[in-house]
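A.B. asks: Give the three-dimensional model of this entry:
(one chain, ligands or ions: 2)
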Amino acid sequence: MAKTQIYYDLRDALGQEGCPICRLTHQASERFLEGLIYEKVNDPKMRAKIRAARGFCREHAWALDRHGASLGVAILLRDVIREIAQDLRVYGEDDEGAQNAWRSLYDRPRSRSKTVAALSSRGECPACAAVREWEQAAYETLFEHLCSGDLMQLYNKSSGLCVPHLLRALDSAPSAAQREALIRAQLPLTERLLHNLDALVRKSDYRFRDELSEAEAVSWLQAIAAIAGERVSSFPEKREDLGR
Ligand SMILES: [Zn+2]
Ligand SMILES: [Zn+2]
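C.D. replies: Ligands and ions are numbered 1, 2, ... in the order given. Below is the predicted model of the structure:
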């Protein structure tokens, strides 16, 4: 079976702590943003995408805050801010929906104000879109190599997928057999975490504190990562990690 770069990336990430897809999507988003700021600032198609999306989602917008990015970010976001200023000028004065603006968010007027419609994004955050595309390819590779047994052993020793990525992977499984293979691989890891959490709670009594293993002691943090995804700051920022 052909082994792509994604296969090797997955294999490496499975050998490290935490959800491999969290780690690799973080790397994919870092690669995208680095390429954007340092190579694609003047790419007209990319500029149009960014304008249409009204910039980036909160996570990726703040991920632009990095050394040496000020000029690139200023050029990219000047486009967006210019359009926002323009829309506020054009629609702000005579907006049919404006009389409803005092209403609370929970009691929205039925029709959207023209200003809100104009200011709203017409496309997905370009970094989210790039990561999603990468992620889809990663799930395909994961399923392929889990079923062939290639990655199964590594998966069994890994932290497994966080729940948000598990759900997305299961949703994109090409067949029931592949879905079952992933569930079979994930279940013992989830049970191991539960076991460690049980032990942490049980041994919280000072008399047993010395008996707490390292895995049990960190299980509460692993539980947070399991339900919500890894903490981004736990991944290294080094450029060489981004590779290629
Ligand atoms: Zn994850
Ligand atoms: Zn985003």
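
A.B. asks: mind checking which helix or strand of the chain has the lowest mean pLDDT?
C.D. replies: helix 114-119 (a mean of 84; mean pLDDT, DSSP states H and E).

A.B. asks: Just the local confidence number for residue 70, please.
C.D. replies: pLDDT, the model's per-residue confidence, is 94 for residue 70.

A.B. asks: How about residue 46: what's its closest non-neighbour residue?
C.D. replies: Spatial nearest neighbour of residue 46, excluding adjacent residues (C-beta to C-beta, 6 or more residues apart in numbering): residue 40 at 4.9 Å. Where you see a C-beta, it was placed from the backbone N, CA and C, and this is true even at glycine.

A.B. asks: what's the burial count for that neighbour?
C.D. replies: 18 (other C-beta atoms under 10 Å).

A.B. asks: Now residue 41. Nearest residue, chain neighbours left out?
C.D. replies: residue 72 (4.7 Å).

A.B. asks: For the strand or helix carrying the one you found, which helices and strands make contact with it?
C.D. replies: Here residue 72 is covered by helix 70-92, with elements defined by DSSP states H and E. With contacts defined as 3 or more C-beta pairs under 8 Å, 6 or more residues apart in numbering; DSSP states H and E, helix 70-92 has these neighbours: helix 20-39, helix 44-52, helix 114-119.

A.B. asks: how distant is the helix or strand following the shortest one from the center of its chain?
C.D. replies: Downstream of helix 114-119, the first helix or strand assigned by DSSP H and E is helix 126-147. In terms of C-alpha atoms, centre = their mean, to the nearest Å, the centre of helix 126-147 is set 12 Å apart from its chain centre.
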